[in-house]
Every structure is written in C-alpha cells, then in structure tokens.
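Peer 1: The following block contains a protein sequence and its predicted model.
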Amino acid sequence: MIYNAEEGLAAIMFPVEEVDVFAETEPGRRDRIAAKKAIINMDTRAVLSVVGRQYGLLENRRALELAKKCCTAAFPNTAPAGWHVDDIEAPVTGGHCRIDLRYDGNVVAYDWSFSEAVQDHYHPFLRVTNSYNTSRVFSIHFGFTRIQCMNSVIAEESVKVSLAHTRNIERRIEKEINQAKFQKVANRFETYVKALGNTGIPRGRFRTIIQSALEIHRPKGMPDDRQASWRALEQILDKTIDVYLQRFGETAYALLNAITDIATRPPTKEQVGYSFIRRERHSLQLLAGRWVAEFSRSLRRPGFDLSGYLREPSAVRLNARNGKRIRGYRR
C-alpha cells in the first residue's frame, strides 16, 4: 500500500520492542529459547517477527535519520532539513516499509535539462527500505524522477547500501555513500537518456517491449473472464504509450517514459480485475533501470541487432553489465 507522507509516517512509526521467546516443552512448562527473540508492535502487541539473538533492531525512525545522512553525504550542498518524506510504501501490518525522500528546491549539479536530445528535466530521490520481519534488509537506493510526470527509475548502477541488521550500519554508510559515486551514476544516466532520444522505435512494438522489460507475462490457458482482464491491462498500457508518443514521438525515450510510468503506477487488480503485476513498485523501478542501462549499452555495441530486438525483445540478449544477466528482482 502506498501512503502520502502524513498517513505513511503515522502507519510505520509505531514503537517496537524486543522480547524473549518461550516454548512449551511439556504441559505446564515454558522454557526460554536462548538463541531467539521476538520483535513486537508495542501499540498492538502483535508479533512482527522472531529473529536470532544477534539481530540488530533498527527502528523505522532511526532508518529515516540514517537516510537523511545519506542524502547530505551524496549531496553535500543540501541541508538535512530540506529533505522531506514524499511517500511511503508498506503493508498494513507494518512489517516492512520503503520511504522516499526528495529535496525541496534544486540540487545543484544534478538538475539537468537534457537539451541535446530530449529536453527533459530530472531530479534525484532516495529510497530507504527497512523491515521488522527479516523479509528485507536495510537498504538505501538513489534514483531519478522526471519532474513533469513524477515517473521514477532506479539506475542499474545506483549508489546503494544493502546491509543485514547488524550493529555497524552507520559506519558502513559513511564508507559507502559519497558525492563522487553519485556523480558517476548521474553521468551514466544522462548518457543513457540522450542515446534513447536519438533512437526510433515503432509504436507497434512499445507494448511488447514494456512487457518484456517489466517481466509482465501473459498467463497460459486463461479463462474468459481472465482474458477480459488481460485486455483491460493492454488497454491501460496502450493509453500510457499514447501519452508519451504525443510528447516524444516514436523514440526509445518515449518508450522509457512509458516503462517508468507503468513501473511507478502499475495497473492494479481493482483497475483490470486481476493481479497480473505482483511485483512491488520498487522492483519494477529496478527493472526499468536495468532496461535503460542494458538497452543503451546495446545500442553502442557493434553488431547489435536492433530490428531483431524489436521483433522479439525477450529473445534478444541485451548488453548486461560485466556480461552478466540476472533475471528478476526480489519483490
């Protein structure tokens, strides 16, 4: 579930506590399990997880403080107070969350209008992930948001920190996050985007490439009602495509915007009648970032068969970083 800042902070900033775990080893006897502890929501007394004794509890409030430190480390010309919570993604249980931070005002040296190709405008954002149920490690990702439509993408080579809940998180952050790293990522992303603006893509291939990039697969053997839902999904994809075709024409940059639009606002079960897209927004935006990096690199690769890719994008191997291709991302 995606909340606005006020609703989201109220939903995830509940107090938590570590308590001992006991097992009934025989009727009437409860023995403490020395190697385990439980994390509980102190407001509801609900058990969020059972973890190892060495697990370092990181509260969401503290994770947000660390995220703001990352912002000022990557962008030293910004003030901590200028970074604000934009939105929050979390289940109703509060077991994990993703918090997006954006800066009020321009971030000097990262505020581009790509005049040579697409004449567009981007801004950086930071996403912090934290959990109380061990489903997701504490992590920081930097990405880019197109200002006009607020579509976001997490670059494949994004500055990121992913750490298990141990007790040296702050020290690791200081080591991993710095301005030079983000500048390198920003320069690559600008190169990728400019390449797309000069590449023609026929409108008829947009939908197929979007489905391939975001790993949206048509199920086999669908009943009639499910087929109607699939057609409703295709209609949403086509309407999204048309928006960016009007703005950028039949180009790979229009295609990127359609991909990031769907990744940022994926069609829901309520819209089409069935959950064809089960990935979280975060995973979809990672896939979008992977696609723009791999496709842009492929365009510069000698012998790349663009026409073959347009005919069947899932059958043509794009140019993965270091020659490695990992399918999918954790949801």
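Peer 2: Received the coordinates, thanks.
Peer 1: Flag the shaky bits of the stretch 51-200 of the chain, pLDDT-wise.
Peer 2: 108-119, 157-160, 162-168 (pLDDT under 70).
Peer 1: The same query, at a cut-off of 90, please.
Peer 2: Within the stretch 51-200 of the chain, the stretches with pLDDT under 90 are 53-58, 66, 69-70, 72-82, 92-93, 103-124, 133-140, 142, 146-149, 155-198.
Peer 1: Please enumerate the strands of it.
Peer 2: For the stretch 51-200 of the chain, applying DSSP state E, counting those that start in this stretch gives strands covering 83-89, 96-103, 122-131, 138-146, 151-153, 160-163.
Peer 1: Would you mind giving the orientation angle of the third one with respect to strand 83-89?
Peer 2: The one in question is strand 122-131. 60 degrees (axes from the mean of the first three to the mean of the last three C-alpha atoms, to 10 degrees).
Peer 1: thinking again about what came up before, buried deepest among the strands of the stretch 51-200 of the chain, which one?
Peer 2: Neighbour counts (mean count of other C-beta atoms under 10 Å) averaged over each of the strands of the stretch 51-200 of the chain peak at strand 151-153, with a mean of 26. For every residue, glycine as well, the C-beta is placed using N, CA and C.
Peer 1: Pull up the pairing partners for that strand, direction included.
Peer 2: strand 138-146 (antiparallel) (DSSP bridges).
Peer 1: Report the next helix or strand after the helix or strand where I241 lies in sequence order.
Peer 2: If you go by DSSP states H and E, I241 is part of helix 224-248. Following helix 224-248 in sequence order, the next helix or strand is helix 252-264 (DSSP H and E).
Peer 1: in the helix or strand just after that following helix, what's buried?
Peer 2: With elements assigned by DSSP H and E, the helix or strand that comes after helix 252-264 is helix 269-272. Residues of helix 269-272 classed as buried: V272 (neighbour count, 16 or more other C-beta atoms under 10 Å).
Peer 1: Now do the domain split for this protein, please.
Peer 2: Split into domains by automatic domain parsing, the chain comes to 11-52, 58-177, 199-323.
Peer 1: Kindly state which of those is positioned closest to F189.
Peer 2: domain 58-177 (5.1 Å; C-beta to C-beta).
Peer 1: how long is that closest one end to end?
Peer 2: 19 Å (C-alpha to C-alpha, to the nearest Å).
Peer 1: What is the distance between that domain and the centre of its chain?
Peer 2: 10 Å (C-alpha atoms, centre = their mean, to the nearest Å).
Peer 1: Can you get me a residue count around I147?
Peer 2: 13 (other C-beta atoms under 10 Å).
Peer 1: Check whether it really touches H121, as I assumed.
Peer 2: Yes. If you go by C-beta atoms under 8 Å, I147 and H121 touch, sitting 4.6 Å apart.
Peer 1: Which parts of the protein are helices?
Peer 2: Remark: helices assigned in the chain by DSSP state H are 5-12, 60-74, 169-176, 179-197, 206-213, 224-248, 252-264, 269-272, 281-299, 306-311.
Peer 1: Among those helices, show me which one is buried the most.
Peer 2: Using mean count of other C-beta under 10 Å, helix 252-264 ranks as the most buried of those, with a mean of 26.
Peer 1: Quick one: residues in contact with that one.
Peer 2: The contact list for helix 252-264 (C-beta atoms under 8 Å, 6 or more residues apart in numbering) reads 117-118, 120, 146, 149-153, 193, 195-197, 199-201, 206, 209-210, 213-214, 237, 240-241, 243-245, 247-248, 281, 284-285, 287-288, 291-292, 295, 299.
Peer 1: What of stretch 149-158?
Peer 2: 125, 127, 141-146, 184-185, 188-189, 256-257, 260-261, 263-264, 282, 285-286, 288-290, 292-294, 321.
Peer 1: before we move on, the earlier item: closest to Y3 out of the domains of the chain?
Peer 2: That would be domain 58-177 among the domains of the chain, by C-beta to C-beta, at 4.7 Å.
Peer 1: any idea what sits nearest N60, other than its immediate chain neighbours?
Peer 2: Counting by C-beta to C-beta, 6 or more residues apart in numbering, N60 lies nearest to I12, which is 5.0 Å off, once chain neighbours are set aside.
Peer 1: who touches the one you found in this structure?
Peer 2: N60, I88, A90, G94, C97, I99.
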